[in-house]
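Participant: Prediction below, plus the sequence it came from.
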Amino acid sequence: MILRIIQTILAVLLIYVVILFGRDIYKHRHENDGSIPKAAGIGFITNFFDALGIGSYAPTTMLLKLTKYLKSDKLIPGILTVACSIPVIAEAFLFTNTIKVEGTTLISMVVAAAVGSFIGSKVMTKFNEKIVRIVMGIALAITAVLMLLSQLGVLSALGAGNTAIGLHGTSLVIALVGNFILGALMTAGVGLYAPCMALVYMLGMSPAVAFPIMMTSCAVLMPVAAYEFIKTGNYNRNASIGITIGGIVGVVIAVLFVKSLDLNVLTWLIIVVVTFTGFQMLYQGIKQKNETVKQAQQNSETSSETK
């Protein structure tokens, strides 16, 4: 019953985005701001890996830059939010249909992430983004090592019997607090996928259960954010059309791929994703920190020269 409620919400969100996006596309139907087939290729690749838990924002940004698709980078945030909304909703709908998860656990963790995102948009601006990325990167790297040791049998207790499809009592409370924090961190640019995978694994749930939880969490958040970009026109329409179309195809293939994996192989996939994301966050955080120090030094030198 709860799963049906969630799927109904996803359907409503899908209709909302399609109408909002469709009306804007029709209104500007005579404009040509890029190749739709090229964008579809980008969307297929990035959303295929998104459905595996790697995330689509960074790869999409990289491919848009490599292909020199855009004249201005200022449109990238809008493209990422608008173009990925429908594929992420498709991910959530397909995963909740193909992977079993207790309705209470799913909806409570999704609500926790949504509330965290809402509160985080007001609070996270006070935190140092560089430090957040470095801390999360270290935490994910440590988690990946623990998961690896568990898979190799060194830590036999950790991850043993990871077959649960739901949480109760203290474990559920920890999961809710964890997803609330992850939802808040999304407003600081920290992706939810890999940390959610790690959270689910550490709490003893089946690795597969992470997919419907993390996809649905993001599917609920993204359509709301897309509204402002569509309203102001701060996105590339052809790129968004192509990425959406290619993304849906990539998602369907990826979901079938994940569904066919046994839990052992899936756990190895999650270890790779968590490791990759952890080091990516560390790199971004250290890079931002070094750039800030360099900028501060330049400002200090400029100030000294002026005096």
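Facilitator: Everything's here; your move.

Participant: so where's the stretch 51-200 of the chain shaky on pLDDT?
Facilitator: 121-129, 132, 147, 150-151, 153-161, 187-190 (pLDDT under 70).

Participant: I figured Thr60 hits Thr81, correct?
Facilitator: No: contact criterion C-beta atoms under 8 Å: Thr60 and Thr81 do not qualify, at 10.8 Å. Placement of C-beta: from N, CA and C, glycine included.

Participant: Could I get the full set of strands for the stretch 1-150 of the chain?
Facilitator: Here the stretch 1-150 of the chain has no strands by DSSP state E, counting those that start in this stretch.

Participant: from the middle of its chain, how far away would the host helix or strand of Ser240 be?
Facilitator: In this assignment (DSSP states H and E), Ser240 forms part of helix 237-260. The chain centre lies 14 Å from the centre of helix 237-260; the measure is C-alpha atoms, centre = their mean, to the nearest Å.

Participant: Pull that helix out as CSV, backbone CA atoms only.
Facilitator: What follows is helix 237-260, C-alpha atoms only, in CSV (Å, rounded to 0.1, in the frame of the first residue of the first chain):
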residue,chain,number,x,y,z
ARG,A,237,16.5,23.5,-24.0
ASN,A,238,17.9,21.2,-26.7
ALA,A,239,20.5,19.8,-24.4
SER,A,240,17.9,19.1,-21.8
ILE,A,241,15.6,17.4,-24.4
GLY,A,242,18.4,15.2,-25.6
ILE,A,243,19.8,14.3,-22.2
THR,A,244,16.2,13.5,-21.0
ILE,A,245,15.6,11.1,-24.0
GLY,A,246,19.0,9.5,-23.9
GLY,A,247,18.8,9.3,-20.1
ILE,A,248,15.6,7.4,-20.0
VAL,A,249,17.0,4.7,-22.3
GLY,A,250,20.2,4.5,-20.3
VAL,A,251,18.2,4.2,-17.1
VAL,A,252,16.1,1.3,-18.3
ILE,A,253,19.1,-0.7,-19.5
ALA,A,254,21.0,0.0,-16.2
VAL,A,255,18.0,-1.0,-14.1
LEU,A,256,17.8,-4.3,-15.9
PHE,A,257,21.6,-4.7,-15.4
VAL,A,258,21.4,-4.1,-11.7
LYS,A,259,18.5,-6.4,-11.3
SER,A,260,20.4,-9.3,-12.9
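
Participant: How about the backbone phi and psi for Ala164?
Facilitator: phi -70, psi 140 (degrees, to the nearest 10).

Participant: quick one, what contacts it?
Facilitator: Taking C-beta atoms under 8 Å, 6 or more residues apart in numbering as the contact definition, Ala164 lies against Gly204, Met205, Ser206, Val209.

Participant: and the gap between it and Gly204?
Facilitator: Counting by C-beta to C-beta, to the nearest Å, the gap from Ala164 to Gly204 is 6 Å.

Participant: Asn238 too?
Facilitator: 46 Å.
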